[in-house]
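Undergrad: following is a predicted model, sequence given first.
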Amino acid sequence: MRKTVTFSINTKYEDSEITEKFTFEQLGIDKGMDDEAVKKAIDKIFEAWVWDKLNISYSIVIDENY
């Protein structure tokens, strides 16, 4: 049986939902990984997926010269 993961995001704007379904194989997740390792891998992949879908970029500047 193939394990799948569904990623979904929604914003406050109408018709803005994005949903995609992936198999573990497509995401490069080894079925033999323990649950905690799978969760960490999926979290990292999901974050990259969201950044890609929303085309978000940001920077954080810490200025220590006050």
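TA: Thanks, I have the structure now.

Undergrad: which residues are in contact with stretch 58-65?
TA: By C-beta atoms under 8 Å, 6 or more residues apart in numbering, no residue outside stretch 58-65 reaches it. Heads up, the C-betas are built off the backbone N, CA and C, glycines and all.

Undergrad: helix, strand, or coil at the residue most central in space within the chain?
TA: What sits nearest the mean C-alpha location of the chain, by C-alpha atoms, centre = their mean, is F46, with 0.8 Å. Applying DSSP: H, G, I helix; E, B strand; the rest coil to F46 yields a three-state assignment of helix.

Undergrad: tally of neighbours for the nearest residue to it once chain neighbours are set aside?
TA: Closest residue to F46 apart from its sequence neighbours, by C-beta to C-beta, 6 or more residues apart in numbering: F7 at 5.5 Å. Counted with other C-beta atoms under 10 Å, residues neighbouring F7 total 16.

Undergrad: can you show me the helices along this structure?
TA: Taking DSSP state H as the criterion, the chain carries its helices at 24-27, 35-54.

Undergrad: from those helices, which stretch is densest packed?
TA: Of the helices of the chain, the one with the most neighbours on average (mean count of other C-beta atoms under 10 Å) is helix 24-27, at a mean of 15.

Undergrad: how far out from the middle of the chain is it?
TA: Chain-centre distance of helix 24-27: 13 Å, with C-alpha atoms, centre = their mean, to the nearest Å.

Undergrad: packing partners of that helix?
TA: strand 4-9, helix 35-54 (3 or more C-beta pairs under 8 Å, 6 or more residues apart in numbering; DSSP states H and E).

Undergrad: and I29, how many neighbours?
TA: Per other C-beta under 10 Å, the neighbour tally for I29 reads 18.

Undergrad: separation between it and T4?
TA: Here I29 is placed at a distance of 11 Å from T4 (C-beta to C-beta, to the nearest Å).
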